[in-house]
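Engineer: Sequence first, predicted model second:
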2 protein chains.
Amino acid sequence: MAQQKKMVEDITSMEEDFSKWYTDIVKKAELMDYSSVKGCMVIEPYGYAIWENIQKDLDARFKKVGVQNVYMPMFIPESLLQREKDHVDGFAPEVAWVTQGGEEKLSERLCVRPTSEVLFCEHYQKVIRSYRDLPKIYNQWCSVVRWEKTTRPFLRSSEFLWQEGHTMHETAEEAQQETLTMLRVYEDFYKNTLAIPAVVGQKTEKEKFAGALATYTIEPMMHNGVALQGGTSHYFGDGFAKSFGITFTGRDNTLQSPFQTSWGVSTRMIGAIIMVHGDDNGLVLPPKIAPIQVVIVPVAQHKEGVLEKAGELYHSLQEKFRIKLDDSENSPGWKFAQYEMQGVPLRLEIGPKDIEKNQCVLVRRDNREKQFVSLDNLEEAIEKALDEIHDALYQRALDNLTSKTFTAKNYDEFLDIAANKPGFIKAMWCGDSACEEKIKEDTGGVKSRCIPFEEEHLSDVCACCGKPAKHMVYWGRQY
Amino acid sequence: MAQQKKMVEDITSMEEDFSKWYTDIVKKAELMDYSSVKGCMVIEPYGYAIWENIQKDLDARFKKVGVQNVYMPMFIPESLLQREKDHVDGFAPEVAWVTQGGEEKLSERLCVRPTSEVLFCEHYQKVIRSYRDLPKIYNQWCSVVRWEKTTRPFLRSSEFLWQEGHTMHETAEEAQQETLTMLRVYEDFYKNTLAIPAVVGQKTEKEKFAGALATYTIEPMMHNGVALQGGTSHYFGDGFAKSFGITFTGRDNTLQSPFQTSWGVSTRMIGAIIMVHGDDNGLVLPPKIAPIQVVIVPVAQHKEGVLEKAGELYHSLQEKFRIKLDDSENSPGWKFAQYEMQGVPLRLEIGPKDIEKNQCVLVRRDNREKQFVSLDNLEEAIEKALDEIHDALYQRALDNLTSKTFTAKNYDEFLDIAANKPGFIKAMWCGDSACEEKIKEDTGGVKSRCIPFEEEHLSDVCACCGKPAKHMVYWGRQY
């Protein structure tokens, strides 16, 4: 068979070359393909199905906290982008410019949105009049473009898919609350849907978003100890509102400026799933977003009754689970390897002997544990197994994060860990971005991840400069 | 209240000025807003919720016929667009060109996709090897850009949202079958989800898609007799496949070219919904895609027990229907007008006297029929009413289409109808595009809509030139 050519032994081991292991998986699990457009990718059906499951779960969470979806234009006139100074400084160097429409040269360049704060502001300026029009809690699912020099599938590409929420509120307190509410939505989603633990906290001044007063972040750790910025939530105060002339009549009949937030997560999450849960046999998908939760592999399928029974199980389970029956002529061994590569959480094997005993075999993807299950309790057994897989994936990832988090009390310790132990470093910090610069330079790339909400008191002084410490910071390398 | 300022009497009547009536509705029902980007629009929450319901329904239909979703880059390098000659000739005049990325001028211009045939072909060229890799039935939901000179909300905009399916098949027959299968999916969706009847058939050579061998179309008629091209499905033969060097090893071990289709519908459908079902009180939404199917309006809500009962009904019905309880301080009269404007199919009124009698009032949006319903059978009564509304909307639209379809046996009749009776004209045609040109010119814009699958024999000769007739054609003006 044509498909049999793609053999599993082609994967690089993650210990040998993590980066090549990653690229092997995205290609061999058929998540994406490269295109002739520099830095842009084709998301193939299996990869896109993961994204659809992510969207569905997250969108339901959004709607529960009052989010409404909208769609904004994909273009931003140059003059509109320039309305907020910090913002344009942050994004202008990395945007794509449209200069020609049809046969005519445009009188003003349009950039393809790298993010849509300014478009939402322009709209809000028109529709917000009174405190009764607030809050506005809008979100859009779309693609954005940031002209990247070096790209990696899902992690950094010139175009990527994401959601971007943009909200306006009557008071600063309410907007700050919204910023944290959405961060908590992300944290809960990472934990309970993606089975990914993370360090959560506030970005330093140096690392915050262009134009924001405060940026909060969720930072999961990949299997190799490297961080991925997994999602951010920004508080803008009334800076953009003032730049865009957005005002409303308040409860006291005075003209006021509303307070703003934005928050987003992207297809980078697919990169996080791969690098947090994957192993040397391929992808390992958390059950809640797996396009196929259970694959049925008939054993000795030419024997009488096997395919029939497998089909019966398929039909009885398909309402409840995302399930696939592979009755192709490929060998069971090939199928086992193929669905391990694709990270299907649970394999259900059924052969003549099983049928005789009114049972089947369930094999977990994460630890290859086998169990024989009576066909009478199959639905509950699958449900239980999927829950256990979720929990085991989370626990394994948490153990990885915990065991690769180190404490540095002084700069020698810091440099030693940075040089020899991949992972996060907890260390005190004086609050000066000069120390962040120095650390980045001395370590070849370690940056502050965040100031966690619950800081530990590790010492009185900055691990870098020795001056009085203001915060405990998580540090690490990042994708 | 601020909101009370938006009064319903501001709508232009459709008889007076259909075009202004349309624009009034899209603005006053808060479906969209204009933006500073020429020809691009903001789709507001209520409009976007309609699109989400359309997507959900249609996507489930797609998945039932084996469609898989993917995502392709939004940019097309100029050389890739030029690979198929007819295609580039058709689209190059109306695309937006990116010429600069970040700080650097691009060595090759990129167009923002007007449609993605060439990107799918590039991908298929890499992944199709054997007949076992076929068919490929991919679709994407995305936005596309066509630089339009004159634009109208939802009907014609420089950027719009759509889905585009692109498929590859082993044989011409299978591809032709797919083209028709997807057309039938659209037809069924229009009828059973949007409550919109349509004329369905094949486009003439002159009107077909750039690069296609055959284009099929679904053409609903708006209330004013004007057509809207509601969706198209194209058969490409192996033309693109050959231009892109896509080959596969067939069952007989020879190298062959696959056969291709594409098909799409867009946010224009929202325009169709407005213009087919709307009336002088505003939008009228078919129940299956209405963001709010039932609005509960408490009457005398300050009286004891009213809001409590209304809340109870809301909670008992919200699992089953998309429902809203408006317990704001606006008057019932204001609320009635507001939800009529927004086209909510069913209004549920409940006041003190109703509560005494264990009943409520249901009022249909389409015909304002009132019925008193016992609270004991409320769920079934609502379900029945929504079904009846759907059927009544369909029937009313069908009556409009039927009564505004005229037959022309000769050119005098044709010109008379075209000048005096808005609607479709059925007339025989010789097959020559010169007659299409002449008709368009003589009538100021009447074009062939399609050759229907079931042609009637109206006469032996072309209504325009008098030469022997080849087909019966539907003609009409279009948005």
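Structural biologist: On my side now, so go ahead.

Engineer: what number of residues lie near residue A:171?
Structural biologist: Residues within reach of residue A:171, counting by other Cβ atoms under 10 Å in any protein chain shown, total 15. In this view, the C-beta of every residue, glycine as well, is placed from N, C-alpha and C.

Engineer: Could you do residue A:44 as well?
Structural biologist: Residues lying near residue A:44 (other Cβ under 10 Å) number 21.

Engineer: Compute the distance between the residue nearest the centre of chain A and residue A:173, please.
Structural biologist: Here the mean C-alpha position of chain A is nearest to the C-alpha of residue A:269 (Cα atoms, centre = their mean), at a distance of 2.2 Å. Per Cβ to Cβ, to the nearest Å, residue A:269 is found 30 Å from residue A:173.

Engineer: quick one, helices of the stretch 301-450 of chain A?
Structural biologist: Taking DSSP state H, counting those that start in this stretch to define them, one finds helices in the stretch 301-450 of chain A at A:306-317, A:332-341, A:352-356, A:378-403, A:411-420, A:433-443.

Engineer: Specify the stretch among those that is closest to chain B.
Structural biologist: Counting by Cβ to the nearest Cβ, chain B lies closest to helix A:332-341 out of those; the figure is 14.0 Å.

Engineer: hmm, that closest one in reach of chain B?
Structural biologist: No: counting by Cβ under 8 Å from any Cβ of the partner chain, chain B has no neighbours in helix A:332-341; the shortest distance is 14.0 Å.

Engineer: Sort out which residues of that helix are buried, please.
Structural biologist: For helix A:332-341, a neighbour-count test (16 or more other Cβ atoms under 10 Å in any protein chain shown) marks A:332, A:334-341 as buried.

Engineer: between the residues you listed, which is closest to residue A:236?
Structural biologist: residue A:341 (43.6 Å; Cβ to Cβ).

Engineer: what about the stretch 151-300 of chain A, any weak spots by pLDDT?
Structural biologist: Regions of the stretch 151-300 of chain A meeting the criterion pLDDT under 70 are absent.

Engineer: Give me every residue in it lying close to chain B.
Structural biologist: A:158-159, A:161.

Engineer: I'd like those residues as JSON lines, with distance to residue A:32 and secondary structure appended.
Structural biologist: As requested, these are arranged in JSON lines below (distance: Cβ to Cβ, whole Å; DSSP: H, G, I helix; E, B strand; the rest coil):
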{"residue": "A:158", "distance to residue A:32": "14", "secondary structure": "coil"}
{"residue": "A:159", "distance to residue A:32": "12", "secondary structure": "strand"}
{"residue": "A:161", "distance to residue A:32": "12", "secondary structure": "strand"}
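
Engineer: neighbours around the residue of the stretch 301-450 of chain A found nearest chain B, how many?
Structural biologist: Closest to chain B within the stretch 301-450 of chain A is residue A:328: 9.5 Å, counting by Cβ to the nearest Cβ. When neighbours are defined as other Cβ under 10 Å, residue A:328 has 13 of them.

Engineer: Likewise for residue A:347?
Structural biologist: Using other Cβ under 10 Å, residue A:347 is surrounded by 22 other residues.

Engineer: Please verify my assumption that it contacts residue A:368.
Structural biologist: No: at 9.4 Å, residue A:347 does not count as touching residue A:368 under the criterion of Cβ atoms under 8 Å.
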